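Asker: Predicted model, plus sequence, below.
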Amino acid sequence: MADHHIGMIVPSSNLTMETELPRMLRAREETVPGDRFVFHSSRMRMQKVTPEQLKEMNAQTARASLELADARPDIVATACLVAIMAQGPGHHCTAEDEITAVLKEQGAQVPVVSSAGALLSGIEALGAKRVAVITPYMKPLTETVVNYIEDAGTEVVDSLSLEVPDNLAVARLDPSALREHWRRLDLARADAIVLSACVQMPSLPSVQYVEDASGLPVLTAATATAYRILSELGLDPSVPDAGALLRGRALSAGEGHQGGGR
């Protein structure tokens, strides 16, 4: 049995990433035995999802990275998608490099994943060229996310803003509501659905349901982050009932749920 130590940098008001990511990897432990996952978090202050507070939060990245370096994790994931995307196209590379440099200075040379970069690589892994997106943000921030995704080469055919500015209120949204929200999207040209372009908006209980109902691959910022973490650790990216992105080799071979997809 191998233990994998995962460091997470999260906004101080984020309640969801530390819930959904462990839940996914715990389900993987039951389905694909042999690996265990341990989580260590460092927090950066942020209450309202506004450009000003997002910028202030980003300024705390080095301090949070130093704290995690002391724990000697096997990988570090930074989990605030819009905080990175709000800094301009491609900024996830800059953010990942900044964290990597701090960790390296402390003797912790480990992979670094951002939820923003993970979402882009998750879309690419599904082979999707066109996506529809749901966010909890106000419309200007949703437009920022849309522009970021499109700058990376994926067309966003439609988007839905739930317009919840308070970050704690986002965490308290009912994930089952997404089973209806997705029906408000125009999916005529979509290859995949980004059910939650935010690591704070709960979505995991609805991912497989919406994938099965829509006939399209479904991913979220959280499932994409889990995919990148497992891939960077050299592990099969398989989590049961978490959508096509996390079907993995083991689940595709019949060791878990196989619904959904196209």
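Answerer: Alright, I've got the coordinates.
Asker: in the protein, which ranges drop under the pLDDT threshold?
Answerer: Scanning the chain for pLDDT under 70 picks out 46-50, 250-262.
Asker: cutoff 80 now
Answerer: 1, 12-14, 45-59, 249-262 (pLDDT under 80).
Asker: Can you show me the helices along it?
Answerer: For the chain, helices defined by DSSP state H occupy the ranges 17-31, 51-58, 61-69, 81-85, 91-105, 115-125, 139-151, 167-171, 178-181, 204-214, 221-232, 248-250.
Asker: What helices and strands are in contact with the second one?
Answerer: Secondary-structure packing of helix 51-58 (3 or more Cβ pairs under 8 Å, 6 or more residues apart in numbering; DSSP states H and E): helix 81-85. All C-beta atoms are positioned from the backbone trio N, CA, C, and that covers glycine.
Asker: can I get the helices of the chain in a markdown table with mean neighbour count and distance to Phe37?
Answerer: Converted to a markdown table, those look like this (neighbours: other Cβ atoms under 10 Å; distance: least, Cβ to Cβ, whole Å):
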| stretch | mean neighbour count | distance to Phe37 |
| --- | --- | --- |
| helix 17-31 | 19 | 4 |
| helix 51-58 | 16 | 26 |
| helix 61-69 | 18 | 15 |
| helix 81-85 | 27 | 21 |
| helix 91-105 | 17 | 19 |
| helix 115-125 | 25 | 16 |
| helix 139-151 | 18 | 28 |
| helix 167-171 | 19 | 22 |
| helix 178-181 | 18 | 25 |
| helix 204-214 | 21 | 16 |
| helix 221-232 | 26 | 9 |
| helix 248-250 | 17 | 15 |
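Asker: what would the ones you listed look like in JSON lines with distance to Met44?
Answerer: As requested, those are exported to JSON lines (distance: least, Cβ to Cβ, whole Å):
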{"stretch": "helix 17-31", "distance to Met44": "12"}
{"stretch": "helix 51-58", "distance to Met44": "5"}
{"stretch": "helix 61-69", "distance to Met44": "5"}
{"stretch": "helix 81-85", "distance to Met44": "8"}
{"stretch": "helix 91-105", "distance to Met44": "12"}
{"stretch": "helix 115-125", "distance to Met44": "13"}
{"stretch": "helix 139-151", "distance to Met44": "18"}
{"stretch": "helix 167-171", "distance to Met44": "12"}
{"stretch": "helix 178-181", "distance to Met44": "27"}
{"stretch": "helix 204-214", "distance to Met44": "23"}
{"stretch": "helix 221-232", "distance to Met44": "16"}
{"stretch": "helix 248-250", "distance to Met44": "31"}
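Asker: do you know which of these lies nearest Ala190?
Answerer: Minimum separation from Ala190 across these (Cβ to Cβ) falls at helix 204-214, 8.7 Å.
Asker: residues making contact with that closest one?
Answerer: 20, 23-24, 175-176, 178-179, 182, 187, 193, 195, 217-220, 222-223, 241-244, 257, 259-261 (Cβ atoms under 8 Å, 6 or more residues apart in numbering).
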